Structures are given as C-alpha cells and as structure tokens.
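Trainee: no FASTA, just this:
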C-alpha cells in the first residue's frame, strides 16, 4: 500500500512537472480519495474471497480543517487550511502481528504570514513475533512536521499528538515554523517466567533533524531492561534500568545517562488505575571544548544527578475518560533550546465525555518546565553553566459531533503561553498564542480481508 502511494505520487510528479509542490500534494490526495472510494465500491463484495494472499483490517479517513492563529507581536496572526488523510492496516495473524499506519497532508496559508505551511507526514510500522512464553517486537516511527507538536488541537490533524515513544528525541520548547524530521527504531524482547514474573529488554536508535538549520540536532541510542512481578490480581511491582547515549552532529560532545527506577501499579476496581515509579539518575557530558583566544581547550566531563519520577492515573467509565500524568527527569535537550541535555518537569491531564451517541467534548492541559544542563550560549562564552529555565503552559477544549454513519464535524480552541529567564529564539512561542479551528472528517467502515 505504501509503495502504491509512492508510485502514485511519482507518476503525478512526472505527468505534471509544472505544478508546484502544494498543488501536487492536493492532487495526490484527491487521486488517493478517488481510488479508495472506488475500492470501497468495487472491492468490498469480493473481500471475503479465498484468493487474497493476506488477511486483516484496512481503515482510512479524510479530513479538512480551517485554523485561525493569533500569536501577537512580531509573529503575527494568520488563517490556515489543511487537507489530510490516514491509512492503516493490521493483519489478523496472532503469531506474527503486523501494523502499518500512515498520516499525511498539506497546510497552506489563506491570510497572514505567521502560520505553518507545507506538507506534513507520519508513518509507523511494527512487526511482532509471539510465542507462548516470549514475544519479539520491532517498530519504526518517522515523521516530518512544520512545528513542535503540542496537543491534538494544534490544527495539524493526525500529527498534533504523536505516539508515545520515551526514546524519541523531543523538543522541550514549543516552536512555530520549525520543520523537523524524527525517526525512531525500537526492538524489544519479553519473556514470561512462571505465571507472575516477566523479563523484558530492548534497545532503540533515534535521530532529530532540522532541515532549515534552526535547531540543535542529535542522535540517541538507548538500552533498557525490566523485571515485573504480579503480586495479586490488582497489584504489580517492577524494576527498570535504562542507559542512553546522545551525540550532536557538528560537536564533539556526548551525553551519557543512566537511571534505575522501581515502580508499583495498582488497579482500583474497574475504573481507576494508577502507576508510579521513581529512582536515581546520573548524567555525564564529555567531549566539551571551549574557545579560548582562538584555541579549543578541552574540559573535564561535566556530571550531575537527580531523581527521575514517572506517575500516571487513568479513570474510565462508559461515557467519561480522564488521565493525569507527571514526569521528572532528563532528556537529550536538542531542539531550539540549543542545550546539551535538559532537565524536565511535565504535568499534564485531560478529560473527555460522551453525551449520547453523537457528541463528545474534551479538555486537556499541561505545564512544562525545561532547564538546559549545558547551554550552547555558555560554551560560546567559555563556560559550562546551565541555562535558565523555560516555562510553558497550554490548554484546550474540543467538541466533536457525528453526522450520520461516516461523517463528523469538530471545533476546538487552544491557548499556549511560554516564558524564559533568557531571550528565546525567534521561532519559539514567546507570549500568549491562541488557535481556533474547525473541520470535518469522513471515516468509512473498516474493510476486513480474509485469506
């Protein structure tokens, strides 16, 4: 399927070389819609036939969004539109589960110059091998977006909320008009020992790149191991060790971090579940050089330590879902903050409620605090002083209304504010920003293939 989309895009590019990239993307998506519609009309009756070489479930949906952005100051205001779609496939083989999800589209400005524009894409592929006592999982996650992701209300459908990947390098400062490319590859092996104990371990490799050279890039390797023990039907305990190493293209600097965490998870009846883990972590930054009168002088490694905390709670009923989470720890730091290592504190929460069969209203909010362990500015000044803290808060509400079996409409509002003790980059949100959006989505019934 992904190869078919690529061939379709190439054929249109060769057939219409004079068409600009934005219009070409719309043409690709329009053709894709027509193909999917034809498939839904002609292929569905033969889906259950015996000749198909695969079995599984295929889903797709299409969206149009209109966004008004109010950033104020020099960043200005703008109105933006987006056209996007999702396509996902999951097989039905329990021994070799495979999944592929693609999301992409195009953003273009209607008025103003402060809004994001251009193509955005995201693809996640995973392959598993499952046996009675052990399982092996591989996944690759790659995305190309024009801004740092904040919430699902950001106006970029399918990209505002990225899959949770603890190894994926993140931008700890909220940005605008900052194109980035991330790619994360993960492998994980788990094995059951008896009925109550399991072991797991794995590794990952991730990269963060800025095509416009307006952020600090990095590479990250990570290895982890965990042991879990179920104490009862509702209680479990686990211990985890994580080692990671980050390097920064164009610099000799490398950051090594280690953490040991112990956690406890409890299920409180059918509705409430809580989890908390904490433990010490250590960071060492080596390869530091400062410019002294035109001569690069190497400095001894810089070390630090702290407490890593990860806590979450979820509550769910038939009509209401609520989550609350807190994270404290270090990350690679790369991004527009231009820091080699960042100490983070993040508090987030959300609630969603369904009214009847067709109306859903939700709200989300978060507070983020980031401080550079070693800032790029301090290296330029000949020291390794930590940077000042950056604080960001954002919150939003959204309402979604189903219309018929396959069509739905939504409206949302998001407010974001960010401040720092030092001057933020020009591509970072530096004052109150607001986004108002509305849109429509078409989500037909999933197609089931049987071999």
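Mentor: Nice, thanks for sending it over. Since the model is a prediction, treat every value here as computed from it, not as a measurement.
Trainee: got any ranges where the stretch 1-150 of the chain has weak pLDDT?
Mentor: Within the stretch 1-150 of the chain, the stretches with pLDDT under 70 are 1-53, 72-76, 113-116, 147-150.
Trainee: for the stretch 151-300 of the chain, give me the ranges with low pLDDT.
Mentor: Across the stretch 151-300 of the chain, the ranges flagged by pLDDT under 70 are 151-177, 291, 293.
Trainee: in it, which spans are strands?
Mentor: With DSSP state E, counting those that start in this stretch, the ranges of strands along the stretch 151-300 of the chain come out as 180-193, 197-209, 218-230, 235-247, 254-268, 272-286, 289-292, 295-298.
Trainee: can I get those strands in a markdown table including distance to residue 405 and mean neighbour count?
Mentor: C-betas here are computed from N, CA, C, even on glycine. Listed next are the strands of the stretch 151-300 of the chain as a markdown table, based on distance: least, Cβ to Cβ, whole Å; neighbours: other Cβ atoms under 10 Å:
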| stretch | distance to residue 405 | mean neighbour count |
| --- | --- | --- |
| strand 180-193 | 36 | 17 |
| strand 197-209 | 40 | 18 |
| strand 218-230 | 42 | 17 |
| strand 235-247 | 40 | 17 |
| strand 254-268 | 35 | 17 |
| strand 272-286 | 33 | 17 |
| strand 289-292 | 63 | 13 |
| strand 295-298 | 66 | 10 |
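Trainee: adding distance to residue 142, write those out as TSV.
Mentor: Converted to TSV, those look like this (distance: least, Cβ to Cβ, whole Å):
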stretch	distance to residue 142
strand 180-193	4
strand 197-209	9
strand 218-230	15
strand 235-247	19
strand 254-268	23
strand 272-286	27
strand 289-292	32
strand 295-298	35
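Trainee: looking at those, which is nearest to residue 54?
Mentor: Closest to residue 54 of those is strand 180-193 (Cβ to Cβ; 23.9 Å).
Trainee: tell me which of the strands of the stretch 151-300 of the chain lies nearest to residue 107.
Mentor: Within the strands of the stretch 151-300 of the chain, the stretch nearest residue 107 is strand 180-193; the backing value is 14.5 Å (Cβ to Cβ).
Trainee: of the strands of the stretch 151-300 of the chain, which approaches residue 82 most closely?
Mentor: When the strands of the stretch 151-300 of the chain are compared by Cβ to Cβ, strand 180-193 sits nearest residue 82, at 17.5 Å.
Trainee: now the angle from that closest one to strand 218-230?
Mentor: An angle of 30 degrees separates the directions of strand 180-193 and strand 218-230 when computed by axes from the mean of the first three to the mean of the last three Cα atoms, to 10 degrees.
Trainee: in its sheet, what does strand 180-193 sit against?
Mentor: Using DSSP bridges, the strands paired with strand 180-193 in its sheet are strand 134-145 (antiparallel), strand 197-209 (antiparallel).
Trainee: tabulate those strands in TSV, adding columns for distance to residue 251.
Mentor: Listed next are the strands paired with strand 180-193 as TSV, based on distance: least, Cβ to Cβ, whole Å:
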stretch	distance to residue 251
strand 134-145	24
strand 197-209	14
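Trainee: nearest to residue 310, out of those?
Mentor: Among the strands paired with strand 180-193, if distance is taken as Cβ to Cβ, the winner is strand 197-209, at 16.3 Å.
Trainee: got a list of contacts for the closest one?
Mentor: Outside strand 197-209, the residues that touch it by Cβ atoms under 8 Å, 6 or more residues apart in numbering are 137, 165, 167-169, 171, 180-193, 215, 217-230, 332, 334-335.
Trainee: residue 90 touches residue 98, doesn't it?
Mentor: Yes. Contact criterion Cβ atoms under 8 Å: residue 90 and residue 98 qualify, at 7.1 Å.
Trainee: residue 242 touches residue 277, doesn't it?
Mentor: No. With contact defined as Cβ under 8 Å, residue 242 does not reach residue 277; the gap is 11.0 Å.
Trainee: joint contacts of those two?
Mentor: Common neighbours of residue 242 and residue 277 are listed as residue 261 (criterion: Cβ under 8 Å, 6+ apart).
Trainee: in a helix, residue 132, correct?
Mentor: No. Residue 132: not assigned to a helix; according to DSSP: H, G, I helix; E, B strand; the rest coil it is coil.
Trainee: which element is residue 125 on?
Mentor: The secondary structure element spanning residue 125 is strand 118-130 (assigned by DSSP states H and E).
Trainee: any idea how far that strand is from the middle of the chain?
Mentor: Strand 118-130 has its average C-alpha position 12 Å from the chain's average C-alpha position, going by Cα atoms, centre = their mean, to the nearest Å.
Trainee: check stretch 83-96 too.
Mentor: Averaging C-alpha positions (Cα atoms, centre = their mean) puts stretch 83-96 18 Å from its chain's average.
Trainee: in it, what's buried?
Mentor: Of the residues in stretch 83-96, those with enough neighbours to count as buried (16 or more other Cβ atoms under 10 Å) are 83-91.
Trainee: closest to residue 370 out of those residues?
Mentor: Nearest to residue 370 out of the buried residues of stretch 83-96 is residue 84 (Cβ to Cβ; 29.4 Å).
Trainee: quick one, domains of the chain?
Mentor: Following the assignment in automatic domain parsing, the chain carries domains at 1-42, 58-449.
Trainee: tell me the most buried of those?
Mentor: Ranked by mean neighbour count under mean count of other Cβ atoms under 10 Å, these are led by domain 58-449, which reaches a mean of 17.
Trainee: note down every partner strand of the strand holding residue 125 and its orientation.
Mentor: In the sheet containing strand 118-130, its partner strands are strand 98-112 (antiparallel), strand 134-145 (antiparallel), by DSSP bridges.
Trainee: could I get these as CSV with distance to residue 207?
Mentor: Written out in CSV, the entries for the strands paired with strand 118-130 read as follows (distance: least, Cβ to Cβ, whole Å):
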stretch, distance to residue 207
strand 98-112, 20
strand 134-145, 9
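Trainee: those: which one's closest to residue 361?
Mentor: Taking Cβ to Cβ as the criterion, residue 361 comes closest to strand 98-112 out of the strands paired with strand 118-130, the separation being 23.8 Å.
Trainee: shared neighbours of residue 90 and residue 98, anything?
Mentor: residue 56.
Trainee: in the stretch 251-400 of the chain, which spans are helices?
Mentor: Residue ranges of the helices in the stretch 251-400 of the chain, as given by DSSP state H, counting those that start in this stretch, are 376-380.
Trainee: who does residue 312 bridge with?
Mentor: residue 275, residue 325.
Trainee: so it touches residue 274, yeah?
Mentor: Yes. Residue 312 lies in contact with residue 274 (Cβ under 8 Å); the separation is 7.2 Å.
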